[in-house]
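A.B. asks: here is a sequence with its predicted model. Questions after.
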Amino acid sequence: MRNFLADQVVEIKPSGIRKFFDIVSEMKDAISLGVGEPDFDTPWHIRDEGIYSLEKGRTFYTSNSGLKELRQEICTYMKRKNGIEYDPMKQVLITVGGSEAIDIGLRALINPGLSEEVLIPQPSYVSYEPCAILAGAKPVIINLKAENEFRLTAEELEAAITDKSKILVLPYPNNPTGAIMEQKDLEAIAEVILKHDLFVISDEIYAELTYKEKHVSIASLPGMQERTLLINGFSKAYAMTGWRLGYACGPADVIRQMTKIHQFAIMCAPTTSQYAAVEALKNGDADIEEMRVAYNQRRRYLLHAFEEMGLECFEPYGAFYVFPCIKEFGMTSEEFATKFLEEEKVAVVPGTAFGDCGEGYLRISYAYSLENLKVAIGRLKKFVEKLRSKTQA
């Protein structure tokens, strides 16, 4: 029998995040700091709205684009938070998580067979590169640097552009580094984007989780809204990961083509989740602030703990991750994470899960209770001291 599998799918590596999560789930007394999922429950008033929608029998398909009321609330939110105006009927699509929006956004923009390039700064979320490949694009990796706090600079972007470059993925606030792009950073790269006539997919799923200053969307800059697909969702800000709900805002012609793909592949996002999301946008600001305060406390605790144990780590101002450097130990990220899990029963993610330039780093999530973090960091301190004593012996 011939091989029926698609080569491009077979060649894609599975997620480096899930490997350690699966291992730790089988270990007794193990602690995982590897998953980027809020430890908070979805706030009750949001859950109540989902329950009420079921009690009212709202169990049917919505329109392909999503509930009109939800799209209107998203536009109100975008105007309030970013100063950007969108048409709810033409420029907003409700998707099954932000991940679907990334996938169908790339597929709506890429012409397979033309070697069109998608510029992807790394370290970054694991889905961008595989989705670009599946869309028929050529991924071009921009290796970010710790000395720049893993921000994308105009010089790095300029150096990566060729005559085949078409799309820039902008992953800020960043998973896994926690890096942010301030307005001055965005203004600098916007000049390059306009100069080379690029389109931007801006993944802003962590926009509400910043600890230095308010998040700025590149779509809010002059000349950028018409060439930006802004992706966001409800998983991180409202602790709604399992509700699987995201959205895309962008130019009407792009959203129209994305909607066709969504229509044939998905039909519509979960109806119950959409009703709950309306409530989240209307009345969820206080919930976001409560969670952000807790995350910031944990963030500051980890940075202080790293400083005390002499572990190098730049200060991240977004998302809920820290990205400490472990190069001093002469081990790969994979080796360090594996040995740490085996000896101390704590799971962290090797930096290389997010791109080759993540070598020598670990992603540690602080979407966990302070109590669990303290236990895990105690074990990390013990592990680090043991490695250093062996080196000095």
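C.D. replies: Alright, I've got the coordinates. Numbers count the residues shown, from 1 in each chain.
A.B. asks: show me where the stretch 151-300 of the chain has helices.
C.D. replies: 154-160, 183-195, 252-265, 271-283, 285-309 (DSSP state H, counting those that start in this stretch).
A.B. asks: report pLDDT for the nearest residue to A146 once chain neighbours are set aside.
C.D. replies: What sits nearest to A146 in space, not counting adjacent residues and going by C-beta to C-beta, 6 or more residues apart in numbering, is F314, at 6.1 Å. Quick note: C-beta positions are derived from backbone N, CA and C, even for glycine. With respect to pLDDT, F314 scores 94.
A.B. asks: hang on, the earlier thing: which of the helices of the stretch 151-300 of the chain sits most buried?
C.D. replies: Counting by mean count of other C-beta atoms under 10 Å, helix 271-283 has the highest mean neighbour count of these, with a mean of 21.
A.B. asks: tell me the angle of that helix relative to helix 285-309?
C.D. replies: Angle, helix 271-283 to helix 285-309, by axes from the mean of the first three to the mean of the last three C-alpha atoms, to 10 degrees: 90 degrees.
A.B. asks: give me the distance from helix 271-283 to the chain's centre.
C.D. replies: Counting by C-alpha atoms, centre = their mean, to the nearest Å, helix 271-283 is centred 21 Å from the centre of its parent chain.
A.B. asks: also stretch 224-241?
C.D. replies: Counting by C-alpha atoms, centre = their mean, stretch 224-241 is centred 9 Å from the centre of its parent chain.
A.B. asks: kindly check the end-to-end length of it for me.
C.D. replies: Using C-alpha to C-alpha, to the nearest Å, the end-to-end distance of stretch 224-241 comes out at 29 Å.
A.B. asks: how many neighbours does the nearest residue to P324 once chain neighbours are set aside have?
C.D. replies: Closest residue to P324 apart from its sequence neighbours, by C-beta to C-beta, 6+ apart: C313 at 4.0 Å. By other C-beta atoms under 10 Å, 20 other residues sit near C313.
A.B. asks: could you do K339 as well?
C.D. replies: So K339, with other C-beta under 10 Å, has 14 neighbours.
A.B. asks: could you pull out the helices for the stretch 1-150 of the chain?
C.D. replies: Along the stretch 1-150 of the chain, the stretches classed as helices by DSSP H, counting those that start in this stretch are 7-10, 16-24, 44-55, 68-82, 97-109, 128-134.
A.B. asks: about what we covered before: could you dump the helices of the stretch 151-300 of the chain to TSV with distance to I142 and mean pLDDT?
C.D. replies: Listed next are those as TSV, based on distance: least, C-beta to C-beta, whole Å; pLDDT from 0 to 100:
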stretch	distance to I142	mean pLDDT
helix 154-160	5	98
helix 183-195	11	98
helix 252-265	23	98
helix 271-283	33	98
helix 285-309	26	98
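A.B. asks: and of the ones you listed, who's closest to I218?
C.D. replies: I218 sits nearest to helix 183-195 of all those, at 4.9 Å, using C-beta to C-beta.
A.B. asks: tell me the phi and psi of Y361?
C.D. replies: Note on Y361: backbone dihedrals following degrees, to the nearest 10 are phi -130, psi 160.
A.B. asks: contact partners for the closest residue to S99 other than its chain neighbours?
C.D. replies: Nearest residue to S99 in three dimensions, chain neighbours excluded: S127, at 5.7 Å (C-beta to C-beta, 6+ apart). By C-beta atoms under 8 Å, 6 or more residues apart in numbering, the contact set of S127 is 99, 102-103.
A.B. asks: could you export these as JSON lines, including neighbour count, pLDDT and distance to A265?
C.D. replies: Shown next, in JSON lines, are the contacts of S127 (neighbours: other C-beta atoms under 10 Å; pLDDT from 0 to 100; distance: C-beta to C-beta, whole Å):
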{"residue": "S99", "neighbour count": "20", "pLDDT": "96", "distance to A265": "13"}
{"residue": "I102", "neighbour count": "26", "pLDDT": "98", "distance to A265": "14"}
{"residue": "D103", "neighbour count": "24", "pLDDT": "98", "distance to A265": "9"}
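A.B. asks: picking that back up, tell me if the residue nearest to A146 really is in a strand.
C.D. replies: No. F314 is assigned coil when assessed by DSSP: H, G, I helix; E, B strand; the rest coil, not a strand.
A.B. asks: that one and I180, how far apart?
C.D. replies: Using C-beta to C-beta, to the nearest Å, we find F314 at a distance of 12 Å from I180.
A.B. asks: again with S365
C.D. replies: The gap separating S365 from I180 is 17 Å, by C-beta to C-beta.
A.B. asks: go on, G330?
C.D. replies: Taking C-beta to C-beta, one finds G330 at 31 Å from I180.
A.B. asks: count of neighbours near V10?
C.D. replies: The burial count assigned to V10 is 8, neighbours taken as other C-beta under 10 Å.
A.B. asks: all further residue positions should be reported with the first residue as 123.
C.D. replies: All right, first residue 123 from here; so that's V132.
A.B. asks: could you measure from G220 over to A281?
C.D. replies: Using C-beta to C-beta, G220 is found at 29 Å from A281.
A.B. asks: surely the residue nearest to A268 and N270 touch.
C.D. replies: No. Here F436 does not reach N270: they are 9.5 Å apart, not a contact under C-beta atoms under 8 Å.
A.B. asks: if you count what's nearby, which of the two comes out ahead?
C.D. replies: Using other C-beta under 10 Å as the criterion, F436 and N270 rank with F436 on top: 18 against 14.
A.B. asks: ramachandran angles for the residue nearest to P446?
C.D. replies: The phi/psi pair for C435 (degrees, to the nearest 10) reads phi -160, psi 120.
A.B. asks: alright, calling it a day.
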